[in-house]
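>>> Need a 3D model of the sequence below.
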Amino acid sequence: MLHIIFLESAIELVPTNLTSTKLIQKHASKRGKKPNQLLLDQTHHGPVMTKLEDADRRGRPDIVFLSLMALLETPLCKQGLLSIHLHLQDGRMVQVNPAVRLPRNYDRFVGLFEQLLLKGKVPPEGESLLRVTNEVLSDLMFRLKAENPQSVSALCIEGGTPTTIDGLGSIFPGDTTVPVILGVGAFPHGDFSEEIKVLFQNHIELDPEVMMAWHVCAEILWAYSQKVSAAKSRYDS
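Have a look, this model is predicted:
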């Protein structure tokens with residue numbers, strides 16, 4: 001099974017120290033929400049984000065949106081061979097139910113994730129399709145690896161071992177009972193912390209130039225689907 005973890009995702013509610021700024025107040029009024037109920041977004045809030053620490057790593061919900069669009073409702077996901085987790089910059093995790101059908105419209109996606117971060121789960125009642133958990137990244141990695149001692153983990157990182165799509169195929173096992181854990185950065189700039197780097201067995205680079213997260217996901221999805229013959233098994237069934 002393929003497990004994709006979006007690391008240090010640039011998705012959060014507007015921090016308290018920005019809620020009183022005129023820009024945030026105006027945007028909140030336009031949305032009919034309180035300032036602390038808005039997702040931080042460089043598109044709308046860029047001019048005041050200079051007040052934030054690590055501002056260049058934050059306020060990009062579109063990265064998660066486009067990446068999830070590339071993964072959900074794919075044959076691999078429908079076959080139950082894909083799990084997706086979001087690692088937030090505050091350390092919390094978001095568990096994504098493979099059955100979730102996210103809005104194709106970005107504004108509706110933003111509203112959904114605002115609800116998620118405010119309420120802790122979506123929908124608020126019944127079976128959750130998106131849920132914030134208190135599980136930390138290291139515990140998630142340990143839990144996924146414990147499923148099979150032959151588990152494989154790799155971090156997609158600039159400066160890692162140059163790896164082609166064929167090279168990905170050699171890393172991935174053909175046995176779907178062996179967990180394959182892939183870490184993909186979901187922030188616009190910067191490097192991973194050392195605490196994250198040491199959690200992954202392999203560090204791989206898929207292109208000499210920096211790739212967008214959703215492009216990385218597309219290559220990973222294709223290579224893994226080919227390795228486990230996902231399409232053939234679906235037709236055979």
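
>>> Which strands or helices does the top strand by length along the chain pack on?
For the chain, the strand that runs over the most residues, judged by DSSP state E, is strand 152-162. Applying 3 or more C-beta pairs under 8 Å, 6 or more residues apart in numbering; DSSP states H and E, one finds that strand 152-162 contacts strand 180-185, helix 194-197, strand 202-205. Where you see a C-beta, it was placed from the backbone N, CA and C, and this is true even at glycine.

>>> The longest one pairs with which strands, parallel or anti?
Meaning strand 180-185. Looking at strand 180-185 with DSSP bridges, its partner strands are strand 2-9 (parallel), strand 152-162 (parallel).

>>> among the ones you listed, which is nearest R60?
Taking C-beta to C-beta, strand 2-9 is the member of those nearest to R60, at 8.7 Å.

>>> And the contacts of that closest one?
For strand 2-9, the external contacting residues (C-beta atoms under 8 Å, 6 or more residues apart in numbering) are 57, 63-64, 67, 71, 76, 81-89, 94, 137, 140, 144, 155, 179-187, 192-193, 196, 213, 217, 220-221, 224.

>>> I'd like to know which of these are buried.
For these, a neighbour count by 16 or more other C-beta atoms under 10 Å gives the buried set as 57, 63-64, 67, 71, 76, 81-89, 94, 137, 140, 144, 155, 179-187, 192, 196, 213, 217, 220-221, 224.

>>> just to revisit the earlier point, flag every buried residue along the longest strand of the chain.
Buried residues in strand 152-162, counted by 16+ other C-beta under 10 Å: V152, S153, A154, L155, C156, I157, G160.

>>> ditto for stretch 49-61
Counting neighbours by 16+ other C-beta under 10 Å, stretch 49-61 gives M49, L52, A55, R57, R58, G59, R60, P61 as buried.

>>> list the contacts for the second one?
To tie it back to what came earlier, the one meant is L52. P15, N17, L18, R58.

>>> What of the last one?
Applying C-beta under 8 Å, 6+ apart, one finds that P61 lies in contact with A10, I11, L39, L40, D41, F109, V110, F113.

>>> How much space separates it from H45?
According to C-beta to C-beta, to the nearest Å, P61 and H45 sit 11 Å apart.

>>> hang on, the earlier thing: just the buried members of the contacts of L52?
By neighbour count, with 16+ other C-beta under 10 Å, the contacts of L52 hold P15, L18, R58 as buried.

>>> got the residue ranges for the helices in this structure?
In the chain, the segments counted as helices under DSSP state H are 22-31, 42-45, 61-71, 75-78, 106-119, 137-145, 165-171, 194-197, 213-227, 230-236.

>>> could you dump the ones you listed to CSV with distance to E205 and mean pLDDT?
Converted to CSV, the helices of the chain look like this (distance: least, C-beta to C-beta, whole Å; pLDDT from 0 to 100):
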stretch, distance to E205, mean pLDDT
helix 22-31, 37, 96
helix 42-45, 26, 96
helix 61-71, 18, 95
helix 75-78, 23, 90
helix 106-119, 29, 96
helix 137-145, 21, 95
helix 165-171, 10, 90
helix 194-197, 13, 95
helix 213-227, 10, 94
helix 230-236, 25, 78
